[in-house]
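In: coords please:
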Amino acid sequence: MTEKDAVQALVPKSLLGLEAGFDIDKLLAWAQTKGLVLISALAILLIGLWLAKWLSRALERVMTRANMEVTLRGFLRNIAYAAMIVIVAVAALQQLGVPMTSVLAVLGAAGLAIGLALKDSLSNIASGVMLIVLRPFRAGDHVQAAGIEGTVEQIRVFQTRLRTIDNRVIVLPNSLITTAAIINFTANPKRRIDLTVGVGYDDDLKVAKETLLALATAHPNVLQDPAPEVLVTALAESSVNLELRSWVKTANLMRTKSDLVEGIRNELIGKGLNIPYPQRDLHVYHHDADGRPLTEVLTKAIADDGDVAQPAIKPKA
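Out: Here you go, the predicted model:
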């Protein structure tokens with residue numbers, strides 16, 4: 001049995017269109033010429049997809065061994081995988097004989113239209129790349145970004161996820177973060193606590209400075225290098241302002257600051273020093289309905305009672 005007879009035996013004649021004069025020789029010729037092309041293009045696509053996935057995983061393992069940050073590892077892996085997928089797709093289409101000039105023209109026009117429609121999203125992507133590459137903060141840092149303070153949980157290509165102190169989750173678009181000031185509170189291992197304390201003008205400044213310095217030095221969380229110091233910073237309206245500067249580890253900042261504020265209040269009062277509060281002298285001037293001061297009104301009332309002589313009233317002409 002010939003190859004033509006085998007095809008006719010397996011495939012119904014109505015499907016092949018033989019009753020309408022369909023030439024099976026042309027079908028076989030097309031299969032012989034194009035079948036290998038289709039098979040090779042499909043093989044390129046399948047092998048390319050498998051190879052792209054394997055290479056992306058290998059790249060991630062290499063970055064893990066190099067102790068690269070988790071966010072940067074995931075971002076570079078996704079970028080590399082997407083680039084390899086594009087290369088595989090172009091190779092498969094080229095194997096099929098599709099002209100690359102037309103494909104690139106269509107992709108360029110589609111990319112332009114998509115870019116105009118998704119300009120805000122593309123802005124977030126560009127900002128996400130900047131955050132991941134420049135790394136002004138990392139996952140776990142306590143930051144203030146776009147006016148929002150919280151701990152960074154995730155840095156994604158489109159958005160960044162923060163968790164506030166009261167356990168709220170805030171998702172910020174990356175474009176808002178890169179266009180505003182970023183304050184990283186935990187970037188350095190040490191931070192300085194600055195506490196302004198006012199004492200009375202009649203108090204002994206030497207005793208006040210020694211009291212503040214002894215309080216900071218005795219605290220277990222206050223570092224001795226750099227050593228704490230006390231400076232006179234201002235002669236205010238109702239007090240002489242001192243500033244206590246002490247260095248602590250970043251993780252101990254809030255608790256140490258609370259302890260120092262409480263200790264300052266107790267120690268200064270215990271040493272007989274004053275902590276003045278702002279005072280104002282208020283002078284009240286009362287005016288009668290016709291605008292006369294209150295003193296003139298009271299004087300007029302006394303005169304009406306006969307204590308002050310009244311001028312004679314001239315009779316009308």
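
In: in the helix or strand where residue 197 lies, what's buried?
Out: Applying DSSP states H and E as the criterion places residue 197 in strand 190-199. Neighbour-count burial for strand 190-199 flags 191, 193, 195, 197-199 (criterion: 16 or more other CB atoms under 10 Å). For glycine as for every other residue, the C-beta is placed from the backbone atoms N, C-alpha and C.

In: so what does the helix or strand following that strand touch, helix or strand wise?
Out: Using DSSP H and E, the helix or strand that follows strand 190-199 in sequence is helix 205-218. With contacts taken as 3 or more CB pairs under 8 Å, 6 or more residues apart in numbering; DSSP states H and E, helix 205-218 sits against strand 190-199, strand 229-235, strand 240-249, helix 253-270.

In: what's the angle from the last one to strand 190-199?
Out: Meaning helix 253-270. If you take axes from the mean of the first three to the mean of the last three CA atoms, to 10 degrees, helix 253-270 sits at 20 degrees to strand 190-199.

In: the lengthiest helix in the chain - contacts with which helices or strands?
Out: Of all segments of type helix in the chain, defined using DSSP state H, the longest is helix 24-65. Applying 3+ CB pairs under 8 Å, 6+ apart, one finds that helix 24-65 contacts helix 3-10, helix 70-95.

In: what sits up against the strand holding residue 197?
Out: For strand 190-199, the external contacting residues (CB atoms under 8 Å, 6 or more residues apart in numbering) are 185, 205, 208, 212, 223, 233, 236, 238-250, 253, 256-257, 260-261, 264, 268, 273-276.

In: re earlier: out of the helices and strands packed on helix 205-218, which one sits most buried?
Out: Mean neighbours per residue, mean count of other CB atoms under 10 Å, is largest over those for strand 240-249, with a mean of 19.

In: and residue 273, that's in a helix?
Out: No. Residue 273 sits outside any helix when classified using DSSP: H, G, I helix; E, B strand; the rest coil, being coil.

In: isn't it up against residue 200?
Out: Yes. Judged on CB atoms under 8 Å, residue 273 makes contact with residue 200 at a distance of 7.1 Å.

In: the two: which is more packed in?
Out: residue 273 (18 against 14; other CB atoms under 10 Å).

In: who's in contact with the more buried one?
Out: 199-200, 203-204, 207-208, 211.

In: adding mean pLDDT and distance to residue 178, write the helices and strands packed on helix 205-218 out as a markdown table.
Out: Listed next are the helices and strands packed on helix 205-218 as a markdown table, based on pLDDT from 0 to 100; distance: least, CB to CB, whole Å:
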| stretch | mean pLDDT | distance to residue 178 |
| --- | --- | --- |
| strand 190-199 | 94 | 25 |
| strand 229-235 | 94 | 36 |
| strand 240-249 | 95 | 30 |
| helix 253-270 | 93 | 27 |
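
In: could you dump these to TSV with distance to residue 143?
Out: Below are these laid out as TSV (distance: least, CB to CB, whole Å):
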stretch	distance to residue 143
strand 190-199	14
strand 229-235	28
strand 240-249	18
helix 253-270	15
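
In: what is the burial count for residue 127?
Out: Neighbour tally, residue 127, other CB under 10 Å: 21.

In: could you report the distance from it to residue 277?
Out: From residue 127 across to residue 277, the span is 47 Å (CB to CB, to the nearest Å).

In: show me the beta-bridge partners of the closest residue in space to residue 231 that isn't next to it in sequence.
Out: Computed as CB to CB, 6 or more residues apart in numbering, the closest residue to residue 231 that is not its neighbour in sequence is residue 243, at 5.0 Å. Residue 243 forms beta bridges with residue 196, residue 231, as assigned by DSSP bridges.
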